[in-house]
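Asker: kindly return the folded structure for what I paste below:
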Amino acid sequence: MTRILLAALLTLAAAPALAQQACTVDGDPYDLDDAGVAALYGCMGDRMVEAYAKEGDATAAAYRGWTATATRPAVAGPHGERFLYTFVNDVAAERYTAFEQGDFEMPTGSVLAKESMAVREGEARVGPRGAGDHQSAEGRGYGMAGR
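Answerer: Numbers count the residues shown, from 1 in each chain. Got it, this is the predicted structure:
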């Protein structure tokens, strides 16, 4: 009886860890090919949405239905060693996806949502959320801090 109870307690204690296994990367994560990045994003995608939505913000609950500005997450130099995947609302979509160089203005009401994930010691983690990032007029964003 004691062994069964102990086994049951160990199983229950391990259940949360089993429910969400770690997303791991062997080697340098920034050398991943397209398939490797897709696999990493497949593992982390829902975790990012869940983490950002925990704060109850309407943008965090809606951004996945917006326009993705790339075909997959990518490492962006100015943002450090993080994978970013940017989404834009309908107001911002045409202007942001024009990929203009230099100074330009986004339309009032533009909102960017930047998913962010980093790999530390072989394990992927949800990157920071930064409300107010990349503001343009009334816009707010999620993801990497900085401009």
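Asker: what sits against residue 25?
Answerer: Taking Cβ atoms under 8 Å, 6 or more residues apart in numbering as the criterion, residue 25 is in contact with 32, 36, 40, 119, 122, 123, 124. C-beta coordinates here come from the backbone N, C-alpha and C atoms, glycine included.
Asker: wait, which of these is closest to residue 100?
Answerer: Within those, distances to residue 100 taken as Cβ to Cβ reach their minimum at residue 32, with 28.5 Å.
Asker: what is the mean pLDDT for stretch 43-63?
Answerer: Stretch 43-63 carries an average pLDDT of 88.
Asker: first-to-last residue distance for that stretch?
Answerer: 19 Å (Cα to Cα, to the nearest Å).
Asker: if we can go back for a sec, inside strands: which ones of the contacts of residue 25?
Answerer: 119, 123, 124 (DSSP state E).
Asker: could you export those as CSV, including pLDDT?
Answerer: Converted to CSV, the ones in strands among the contacts of residue 25 look like this (pLDDT from 0 to 100):
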residue, pLDDT
119, 90
123, 94
124, 94
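Asker: closest to residue 89 among those residues?
Answerer: Of those, the one sitting nearest to residue 89 (Cβ to Cβ) turns out to be residue 124, at 26.6 Å.
Asker: picking up where we left off before, any chance of the contacts of residue 25 in CSV with distance to residue 50 and neighbour count as columns?
Answerer: Formatted as CSV, the contacts of residue 25 follow (distance: Cβ to Cβ, whole Å; neighbours: other Cβ atoms under 10 Å):
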residue, distance to residue 50, neighbour count
32, 23, 19
36, 23, 14
40, 16, 21
119, 19, 20
122, 22, 12
123, 17, 12
124, 14, 21
